[in-house]
Every structure is written in C-alpha cells, then in structure tokens.
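Peer 1: Using only what follows, build the 3D model:
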Amino acid sequence: MLITTVSNWRFHTTGALRPDRRQRLAVDQAAGRADLSALPFEALQPGLIRLSRDVPPDLYARASAPIPEIGWQLHLLSPAGTGMARAIMAARVLALLSVALLAGVTGVLLRRRQRARTRAAEDEAARVDLERQVDARTAELRQANDRLSLEIDERRRLEKGRQDLQDELIQANKLATLGQIAAGVAHEINQPLAAIRTHADTASVYLDRQDAGAAARSLTRIGELTQRVGAITDELRAFSRKTRSGTVAVGVDAAIDGALLLVGARLREQGITLKRTRGPEGLEVLAERNRLEQVVLNLLQNAIEALDGVSAPVVDISVTVRGGKVTVRVADTGPGVSAEVLDRLFTPFTTDKR
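Peer 2: Numbers count the residues shown, from 1 in each chain. I've put the predicted structure just below:
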C-alpha cells in the first residue's frame, strides 16, 4: 500500500508476496526499508474482511478496482461497523415500519371485523325486530280476518233471514191475493162445472135417443170444459207454490194470461172493459214465472179496486220492447194515485187502502 489514510498501513501488502516479487520491490527501492509484511486481513465473505490487529474497527468493507494504465489495484476499505449499524438501523426501521404497517393492517382488519360484527348484530336485531313486527302484524291480520269471517257469517245469516222473511212476505201476499180472488176463482170453476153437468145430462138424453153424433159433441164439450177447470187449478197451484222456480225464460203473454185467468171473473163482474196490446209473438224474458205473474196480478188487482164505482171502467194492458227492455204497462181509468202516496210509492208496505 502506497497511499492510505492509515499511516501504519503504508508499505504493507494485502497478502503475502512471492519471493521474486519481494526481491523486485527491494531492487526498485520503491518501498525503502519497509518490511513489506502483509496486513492481517481475514476474508470473511466477498467484500467483507476482518483485521486481526487491534485497529478498531476490525470489520471492513472492501471494494477493489484495477487501474490498467499504471498497473495498480485500487482498494477502498470502509469501516463496516457504520454500514452495519446503518443496515441494522434500517432493518430496525424497516421492521418497525413493517410492524407498524402490520399493526395498522391488523387494526383495520380488526376494525372492519368489529364493524362487521356490529353490523351483523344490528342486522340480527333488526331481523328479530322485523320478525316481531311481522308476527304482531300477522296476529292483527289474523284477528281482523277472524272478525271479518264472523261479520261475513253474520251478514250471510242476516241475508238468509232477510231472504226468508221476504219469501214469507211474498207467500203471505200470495195467500192474501188468493183470498181476495177466491170468490172469482170459485165462480170461474163453478161455471164450467155447471156446464159440464148440463152437457153430461144432454149426452145421456142423446144416448137414449141413440143420437151418437150429438152425444159425442156434448162429450167433446165436456172435455174442453174440464181442460179449462184444470188450467185454473194448475194456475192456482203454481201461484200458491212457496218454492222458488229460479230465473228462466218466461213467455210474457203466458204470464199475463195466467194472471187474467185468476181475475177474469172480477173483471166481468164489475163490467170492466179489458184492452190488451200483445208483444211480439214468442217474446220471453228472464224471470221467475210465479213472481212475474204475481206482479201482473197485483197491478190488475189495484186497477180493479181503483175502478170500483167508476163509470165505463177500462183496464189497458200493453207490452212494448225498446232497447232490449220489455215494458208491461197496466193502466186504468180510475182516479189515479194521490201525490202523498206517489212520493213514497216504492217504500216497502206503502198503501192507500183503508
């Protein structure tokens, strides 16, 4: 070594010299009287050496670079203690930063985990509260449904009672109407019965005279009168029937004929002239035959009572069709309905009868 920052390293070598090399240096007198002994370097690893002499620090980092122009080798020795201390410090700082980063990440994870737990607890509490509210609401709805079912059953019971009462009132009205027309119906039946008896006696006389043709005509007439009596009794039986027939196609003229069959005798007794305008042939409506006949019969009954004591009484029955609707109109030449009764004409149980 020729140039060094450590004075006692001058003219020492970094390794043992060969004899020829030592002899050449002595001849050149470059080193003077220096002993050219080797420094006690111990290579620990590439780039790191230990100096055995007590020259602190004893650890050095070595960097070498050749200088070809002059044939020298440049060696740079730096105390390794400072570098190692720095490296250790850097490692410690890095470790501290790593620990801090790990602690931060751990804290973030723990905070997230805690938030997740808190959120899960809140969600669970919300779910439990929602289930409680749903259960409470379901119980309320169940109670409301039970009350509604009871109300529906009660309404059905009341509706059935109302329907039964209405049917009873209709039946009572039928019986009252039959009571009013009983005399006329009896007269309607008595007339053909008397005629039947007369024709039977006549047929017997014709048979005694051996006049078969005349006897046959009397018997034919008896059959016709029997059919008339049967029609009257069938109409009475159908009219007084309590069971409901249901809504069916009913001939309008047939229903009017049935009502006239029951009050025809009263019309004749009071000398009432009947005018009738029939609807189109085969006209039918959806209705209950008994109720339709009863409505027409009630209108005829009212007309007959309104014409009591009226001179030249007339009842006019007409059937018209307009816009898919059928209108049955029963008019009379009586005094009409008073204004007081007219205002409450369609109120149940309204009447002007004394």
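
Peer 1: Show me the helices in the stretch 151-300 of the chain, by range?
Peer 2: With DSSP state H, counting those that start in this stretch, the ranges of helices along the stretch 151-300 of the chain come out as 212-240, 252-269, 289-306.

Peer 1: Pipe these into TSV and attach mean pLDDT and mean neighbour count per row.
Peer 2: Just so you know, the C-beta spots here come from the backbone N, C-alpha and C atoms, and that holds for glycine as well. Output for those, formatted as TSV (pLDDT from 0 to 100; neighbours: other CB atoms under 10 Å):
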stretch	mean pLDDT	mean neighbour count
helix 212-240	79	15
helix 252-269	85	20
helix 289-306	86	20
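
Peer 1: Nearest to I67, out of those?
Peer 2: Nearest to I67 among the helices of the stretch 151-300 of the chain is helix 289-306; the distance by CB to CB comes to 137.2 Å.

Peer 1: Now do the buried residues in stretch 113-122.
Peer 2: Of all the residues in stretch 113-122, not one is buried under the rule 16 or more other CB atoms under 10 Å.

Peer 1: tell me the mean pLDDT for that stretch?
Peer 2: In this model, stretch 113-122 has a mean pLDDT of 88.

Peer 1: hmm, who's touching it?
Peer 2: Residues outside stretch 113-122 that contact it (CB atoms under 8 Å, 6 or more residues apart in numbering): none.

Peer 1: gap between that stretch and the chain center?
Peer 2: 37 Å (CA atoms, centre = their mean, to the nearest Å).

Peer 1: before we move on, what about stretch 332-341?
Peer 2: Per CA atoms, centre = their mean, the displacement of stretch 332-341 from the mean C-alpha position of its chain is 55 Å.

Peer 1: CA-only coordinates of it in CSV, if you can.
Peer 2: Extracted in CSV, the C-alpha atoms of stretch 332-341 (Å, rounded to 0.1, in the frame of the first residue of the first chain):
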residue,chain,number,x,y,z
ASP,A,332,-156.9,2.1,-15.8
THR,A,333,-159.4,4.9,-16.0
GLY,A,334,-159.6,5.3,-12.2
PRO,A,335,-158.8,8.4,-10.2
GLY,A,336,-155.1,7.7,-10.0
VAL,A,337,-152.6,7.8,-7.1
SER,A,338,-152.6,10.8,-4.8
ALA,A,339,-149.5,12.9,-4.6
GLU,A,340,-148.9,11.9,-1.0
VAL,A,341,-148.8,8.2,-1.9
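
Peer 1: what about that stretch, average pLDDT?
Peer 2: Mean per-residue pLDDT for stretch 332-341: 84.

Peer 1: before we move on, back to that, tell me which of the helices of the stretch 151-300 of the chain lies nearest to L141.
Peer 2: Taking CB to CB as the criterion, L141 comes closest to helix 289-306 out of the helices of the stretch 151-300 of the chain, the separation being 42.6 Å.

Peer 1: Lowest-scoring secondary structure element of this structure by mean pLDDT?
Peer 2: helix 19-28 (a mean of 68; mean pLDDT, DSSP states H and E).

Peer 1: Let me know the next secondary structure element after that one.
Peer 2: Counting by DSSP states H and E, the next helix or strand C-terminal to helix 19-28 is strand 41-45.

Peer 1: Would you mark the buried spots in that next one?
Peer 2: Here strand 41-45 shows F41 as buried, counting by 16+ other CB under 10 Å.

Peer 1: now swap in stretch 137-153 and tell me
Peer 2: Within stretch 137-153, no residue is scored as buried using 16+ other CB under 10 Å.
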